[in-house]
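**Student:** Quick one: sequence and predicted model below, then my questions.
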Amino acid sequence: MEQIGEQVQQVLVQTIEEALVQEINEHLGFERYERTGTAKPAHQHRSGSWSRSLRTLWGESEIRVPKLRKGNGERTWQVLERYERNFGPWLDLQLHLYRLGLSQYDLQEILHLGFGQVLSPKAVQHLTDVAEKEMERFRQAPLDDTPPVVIVDGVNIKVLLPTNTYSTNQRGQRRQMKRREEQVILAALGVWPDGRYQVICFEMVEKETKASWKKFFRSLLDKGLDTSLLQLVASDGRPGLHTAIRSVFPKTVKHQRCIFHKLKNLGDNLTYKNLVLNPDLSRREARKQAKTARAWAILHDAAYIYSGRDTETIRKRVTDFRRKWAPVEPKAVRCFLKDFNLTLNYLRVPFPHKQMIGTTNLLERFFREFRNRSDEIGRFASQAQAETLFYLILQREKAKHAVV
């Protein structure tokens, strides 16, 4: 295996060096030692080469990069970017490991197997620096395909933010103090009629408020979202979110309240009064059993309402539901029926996959992947680190969906 690795590495180095020579030939318009018949300025003269270390999947190698007598800093390289030390698949592999849950210290151990030495945290940080640039390109890229349905939600994270105070360590180094604060990443996931779905925009804010949602929706419009093609915006019941949607988007865009969150709020508001207890059990066990039975029964009936395929059938079931459960759980029923019509808007838009747009579950699944990774980190060292990881997981989920 070592011999095979050495041979592959030699071939790779030769291929890269040959590609660099061909690139500079195309830049100049003539090959080495070729006579053009005219005097050439300094920026069209070759001037040997310099050595650069390059990390690949098969280890670290030295390659020869051709250079010009003048103007090397001004021209743009295609095969290798300026100062690039990580070649293609090697960098992709490390970013994939980072997405899967390895910390930067874990990456140091993995990279030690490939290079025989422990890279510094700063060198490992270069991996995420590259991904951060990709993230910024994604966020600034215009939206050229407006989805008819957009699902929006927010996920809470912990971030270390700089303060105006400084401390001095034992070495006399002055460092800025940071404090841990709760932040929210707002995200919008587009859903298309052919079954495609992906996150089209995200932004970090201090709190999930009406004002922050308005600003986020306006950034979607600035990104190129065509409101004439948008039919539905699905969300949970966060206070102020409905007002933000109505104030930014035209009246033709319907607001869908998440059915799952509606059922969850119903269960959270149960009071469990006047329970019928089993006399054969202890009071504690009997009450536990009775509460479980009531919760199951009322949630089962509420879910049955949404199994209807048209609004007329659903309204008849709502009447029966109110008649049966309002005397037993008045508070929970009032909460359930408040803004109930907003949970039926997904039936009022021409969309082939109704089950995909009645809830925010598609976005919640993505948030679950992000939470699993962020919980291992605990708290992010900066806002950029949190947003970069969010972007990397976004790309991973996009790739998984494409494969399926």
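**Tutor:** In hand now; what should we look at? Numbers count the residues shown, from 1 in each chain.

**Student:** which secondary structure elements does the strand ranked longest in the chain contact?
**Tutor:** Secondary structure assigned by DSSP state E gives strand 149-168 as the longest strand of the chain. Applying 3 or more Cβ pairs under 8 Å, 6 or more residues apart in numbering; DSSP states H and E, one finds that strand 149-168 makes contact with strand 174-191, helix 210-223, strand 232-235, helix 354-357, helix 361-377, helix 383-403. (Glycine included, C-beta is placed from N, CA and C.)

**Student:** Please save the CA atoms from the first one in PDB.
**Tutor:** As requested, the backbone C-alpha atoms of strand 174-191 are provided in PDB (Å, rounded to 0.1, in the frame of the first residue of the first chain):
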ATOM      1  CA  ARG A 174      -3.900  41.400  26.000                       C
ATOM      2  CA  ARG A 175      -7.100  39.600  24.900                       C
ATOM      3  CA  GLN A 176     -10.600  40.700  24.400                       C
ATOM      4  CA  MET A 177     -13.200  39.100  26.700                       C
ATOM      5  CA  LYS A 178     -16.200  37.300  25.300                       C
ATOM      6  CA  ARG A 179     -19.500  36.400  26.800                       C
ATOM      7  CA  ARG A 180     -21.900  33.600  25.900                       C
ATOM      8  CA  GLU A 181     -25.200  34.700  24.400                       C
ATOM      9  CA  GLU A 182     -28.200  33.000  22.800                       C
ATOM     10  CA  GLN A 183     -28.600  33.700  19.100                       C
ATOM     11  CA  VAL A 184     -31.100  32.500  16.500                       C
ATOM     12  CA  ILE A 185     -30.500  31.400  12.900                       C
ATOM     13  CA  LEU A 186     -33.500  32.200  10.800                       C
ATOM     14  CA  ALA A 187     -33.800  30.000   7.700                       C
ATOM     15  CA  ALA A 188     -36.100  29.700   4.700                       C
ATOM     16  CA  LEU A 189     -36.500  26.300   2.900                       C
ATOM     17  CA  GLY A 190     -37.900  26.300  -0.600                       C
ATOM     18  CA  VAL A 191     -40.200  23.500  -1.900                       C
END
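
**Student:** buried stuff in it?
**Tutor:** Within strand 174-191, the residues scored as buried using 16 or more other Cβ atoms under 10 Å are 183, 184, 185, 186, 187, 188, 189, 190, 191.

**Student:** same check, this time on the fifth one
**Tutor:** Within helix 361-377, the residues that count as buried by 16+ other Cβ under 10 Å are 361, 362, 363, 364, 366, 367, 370, 373, 374, 377.

**Student:** That helix vs strand 149-168, what angle?
**Tutor:** Angular relation of helix 361-377 and strand 149-168 on a 0 to 180 degree scale: 20 degrees, by axes from the mean of the first three to the mean of the last three Cα atoms, to 10 degrees.

**Student:** tell me the SS of the nearest residue in space to residue 51 that is not next to it in sequence?
**Tutor:** Nearest non-adjacent residue to residue 51, counting by Cβ to Cβ, 6 or more residues apart in numbering: residue 62, 5.2 Å away. Counting by DSSP: H, G, I helix; E, B strand; the rest coil, the backbone at residue 62 sits in strand.

**Student:** I'd guessed residue 62 sits against residue 17; true?
**Tutor:** No - counting by Cβ atoms under 8 Å, no contact exists between residue 62 and residue 17, whose distance comes to 10.3 Å.
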